[in-house]
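1. Sequence plus the predicted model coming up.
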Amino acid sequence: MFAAASPHTIVLGAGPVGLAAALMLTAQGHRVTVYEGRDELVLSDENSYPIGVNARGQEALRRIDPDLLARLQDRGEVVEAFHIYAGTRRLSRLESGRIIATTRAFLTSILFERARVTDALTYVPGHRLASLDVHERTLTFSTTSGENVVVDARDARVIAADGVWSAARRSLAEQRPEFAPRVGEWGVQFRVAYSRPYASAPGMDPAVHHIFTSKGIYTATLADGVWGVALTAIAGDEAEPLLLSREASEENVRALRAHVQEHAPLAAPLLTHDDYVAYFSREPFGGAVVRCPRLAFDEWLLLVGDAAHSVLPPTGEGVNSGLEDCFLLIEREATGSPTWFADFEERRLPDLAALGEYAWTLRDNISSSDPARDAANLVLRIGDAAAAKVHLPSAQVEARLFGPDSDLTPYREVLAPWLRQRRFLYPAAREAVAGVQSLTRLVRGEAPRARRDEAPEATPQVDHPMRITVVGGSHGTGRAFAEAALRVGHDVTVVSRSGIGVGIARVVTGDAADSTVAREAVTGADAVVVTVGGSKREPHARTDVTRSVVAAMQEAGVSRLVVQTSLGTGGSERQLPPLQRAIAPKLLAGPLADHEAQESLVRESGLEWTIVRPAGLTNGAATGAWRTLRDDEPGTLGGRVTRADVAACLLACLTDPTTIGQSLGVSG
């Protein structure tokens, strides 16, 4: 055992990064307490997802104990290469040989086993960080028993490895105005189908990972010849309801099989009927790209891993960059410097800035509906590949991150050629593509289009600003609405369970289904807009939040309410295109039932309400071309609309008295 005088360090979160940091710190003589929100870590491949551990992650395991790296190598599968396909046609092959494929659960399990037998490490489950106080240096945990526990951490250092929706980061942003992290949701969710052991399919080499570009399907070989087939649910895509459904009906199983057959035909033979059925029982996973301007605070608190710099899975650097944080941090601690948190921040921030720019660009590419952007990216890739073949300077970013020569080279150096391309070559490619497209439209006699990335004209400010509360305003349509309302001069309050803010808007952190949170949010408002999403764990989440908000508005004397539901609710299925009209009631039965109950509450509230029912939502830019149909108007609406256009519709309804007591469908 270590002496009582050993330094005490608190680690928040028992994921791979938190456990790795804790184990490295105990080796340096620290007493470590790890707090974890879950009562029990359920660590099986079945409830996890595939990951690749590259040189950075492997080095972290080696530094903890070479035996951990040996266990990973014995259990995992070396990825020799990545094959990228369009249908059955292979577009490219990227050599690797450095990455070990496994699951996040297995990586966590070998670290957790070591943590449980480490004397200087105390593990405290069932304690999820709710908030922290930077001035008082206290940590407040919500426990699974329903109690709050306050921990005095004045004599400890705190390392926050509490994930992409970090409560530590949120608390910092609330208490330190100069700390403004940038958080952007992926816009996609992933869900995995697992094959039976030793499944095989013609053309599918188990030593290779296969990427099917049509709908973002990815295969990885795991232990015992099991294939993980990860499917991507893109926000607003027509396949999103199916890919996120929890109902393993025969109809859904057939539709899922057809989806894989169409978009990843080589992988289709890997999966059986039972594999497809099991798919619907698994949890999807999503996330956000996170960029922080700072990591260290007063030598008391440090952000690491996803809490500090979350990326997207296609970067391959999520868990690996976090594990690298751990050994780089320990290198700073080993110098004996009293400011090793600040030393780590100074060393690490330039690398995370480069990685963050790369990840944010990938995120924007996923959500882009701008053909000029897509074409410019393609031009750059083709030019870069051609330059590499003739040994001219090139970015080759995937080869530098995944290839046989990938190593511990700092991200700022790995990504430097790509960053130069984005800053100097991309604008030129974008201009050239836009010029060709403009010329094509001119030849065809079409009207010229405004570029989507041009600076917009100054937005006119409203004459009579309103105080607007947005419930669900930190993400999706709600965030787009809050941004639009702020641009024209309204005073905006955002209610967010994650505590993520929007610009200069006031933030009320918490679940609006809680009456206390709802009362705080609506008091003093002129109007309330509800854009809250659903929850697979809470089938009546929208209804519960709306009930709480309506009651708070009635109590506070706030009358104007605009609520976003979904096209297909309240008899509006007649406004859907025929195909969607046929399948929506089956694929979206749960969400539509929640919306039906939500709308009933709104109509019976006695408030000045408007219900807005968008078609399928996408993440594209505002077009200004959205159209609406009221319940009593004939016609049908298109299948999609951007969240930015829905936000504009919500804002227009808010100031249009003719929409009071009306339900409107909206599409692009």
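-> The structure has been received and is ready for your questions.
2. For the rest of this, base every contact and every neighbour count on C-alpha atoms.
-> Noted.
3. Return the alpha-carbon coordinates of the host helix or strand of Ile330 using CSV.
-> Applying DSSP states H and E as the criterion places Ile330 in helix 318-334. Provided in CSV are the C-alpha atoms of helix 318-334 (Å, rounded to 0.1, in the frame of the first residue of the first chain):
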residue,chain,number,x,y,z
GLY,A,318,-11.3,8.1,-30.9
VAL,A,319,-10.0,5.7,-28.2
ASN,A,320,-6.5,5.9,-29.6
SER,A,321,-6.1,9.6,-29.1
GLY,A,322,-7.5,9.3,-25.6
LEU,A,323,-5.1,6.5,-24.7
GLU,A,324,-2.3,8.6,-26.1
ASP,A,325,-3.4,11.4,-23.8
CYS,A,326,-2.7,9.1,-20.8
PHE,A,327,1.0,8.3,-21.5
LEU,A,328,1.8,11.9,-22.7
LEU,A,329,0.3,13.1,-19.4
ILE,A,330,2.4,10.7,-17.4
GLU,A,331,5.5,11.8,-19.2
ARG,A,332,4.7,15.4,-18.0
GLU,A,333,4.1,14.1,-14.4
ALA,A,334,7.3,12.2,-14.4
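4. Only the buried residues of that helix, if you could.
-> 318-327, 329-330, 332-333 (16 or more other CA atoms under 10 Å).
5. which residues of the stretch 451-600 of the chain fall in strands?
-> For the stretch 451-600 of the chain, the strands defined by DSSP state E, counting those that start in this stretch cover 467-471, 491-496, 506-509, 527-530, 560-564.
6. try the stretch 251-400 of the chain
-> Under DSSP E, counting those that start in this stretch, the stretch 251-400 of the chain gives strands at 288-291, 296-297, 301-303.
7. Just tell me which of these ends up closest to Ile468.
-> Smallest distance to Ile468 across these (CA to CA): 26.1 Å, for strand 288-291.
8. Would you mind measuring the gap between the ends of stretch 553-568?
-> Stretch 553-568 has its terminal residues 27 Å apart, counting by CA to CA, to the nearest Å.
9. ok, now stretch 17-36?
-> 12 Å.
10. now swap in stretch 61-79 and tell me
-> 18 Å.
11. Please list the residues outside it that contact it.
-> With contact meaning CA atoms under 8 Å, 6 or more residues apart in numbering, stretch 61-79 is reached by 20, 23-24, 58, 96-102, 107, 110-111, 207-209, 221-223, 327.
12. Could the C-alpha coordinates of stretch 105-121 be exported in PDB?
-> Coordinates of each C-alpha in stretch 105-121 appear next as PDB, following Å, rounded to 0.1, in the frame of the first residue of the first chain:
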ATOM      1  CA  ALA A 105     -15.900  -3.900 -24.400                       C
ATOM      2  CA  PHE A 106     -12.900  -6.200 -24.600                       C
ATOM      3  CA  LEU A 107     -10.400  -3.300 -24.400                       C
ATOM      4  CA  THR A 108     -12.300  -2.000 -21.300                       C
ATOM      5  CA  SER A 109     -12.500  -5.400 -19.700                       C
ATOM      6  CA  ILE A 110      -8.700  -6.100 -19.700                       C
ATOM      7  CA  LEU A 111      -8.100  -2.600 -18.200                       C
ATOM      8  CA  PHE A 112     -10.800  -3.100 -15.700                       C
ATOM      9  CA  GLU A 113      -9.500  -6.500 -14.600                       C
ATOM     10  CA  ARG A 114      -6.100  -4.900 -13.900                       C
ATOM     11  CA  ALA A 115      -7.700  -1.900 -12.100                       C
ATOM     12  CA  ARG A 116      -9.600  -4.200  -9.700                       C
ATOM     13  CA  VAL A 117      -6.400  -5.900  -8.500                       C
ATOM     14  CA  THR A 118      -4.400  -2.700  -8.100                       C
ATOM     15  CA  ASP A 119      -4.000  -1.800  -4.400                       C
ATOM     16  CA  ALA A 120      -3.600   1.900  -4.800                       C
ATOM     17  CA  LEU A 121      -6.800   2.200  -6.900                       C
END
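13. what residues does that stretch touch?
-> Taking CA under 8 Å, 6+ apart as the rule, stretch 105-121 contacts 1-2, 14-16, 19-20, 22-23, 26, 30-34, 43-45, 47-49, 68, 71-72, 123.
14. I'd like to know which of those are part of helices.
-> Pro16, Leu19, Ala20, Ala22, Leu23, Thr26, Leu68, Arg71, Leu72 (DSSP state H).
15. Just the pLDDT at the last one, thanks.
-> What that stands for is Leu72. On pLDDT, Leu72 comes in at 96.
16. Could you give the number of residues near it?
-> Other residues near Leu72 come to 19 when the count uses other CA atoms under 10 Å.
17. dump the residue contacts of Asp237.
-> Gly616, Leu617, Thr618.
18. what would those residues look like in TSV with pLDDT and neighbour count?
-> TSV is the format used below for those (pLDDT from 0 to 100; neighbours: other CA atoms under 10 Å):
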residue	pLDDT	neighbour count
Gly616	75	23
Leu617	76	23
Thr618	78	22
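19. Out of the residues you listed, list just those in strands.
-> Gly616, Leu617, Thr618 (DSSP state E).
20. got a list of what the first one touches?
-> Applying CA under 8 Å, 6+ apart, one finds that Gly616 lies in contact with Gly236, Asp237, Glu238, Gly639, Arg640, Val641, Ser667.
21. any idea how far Val612 is from the last one?
-> The one in question is Ser667. For Ser667, the distance to Val612 - CA to CA - is 10 Å.
22. Sounds good, over and out.
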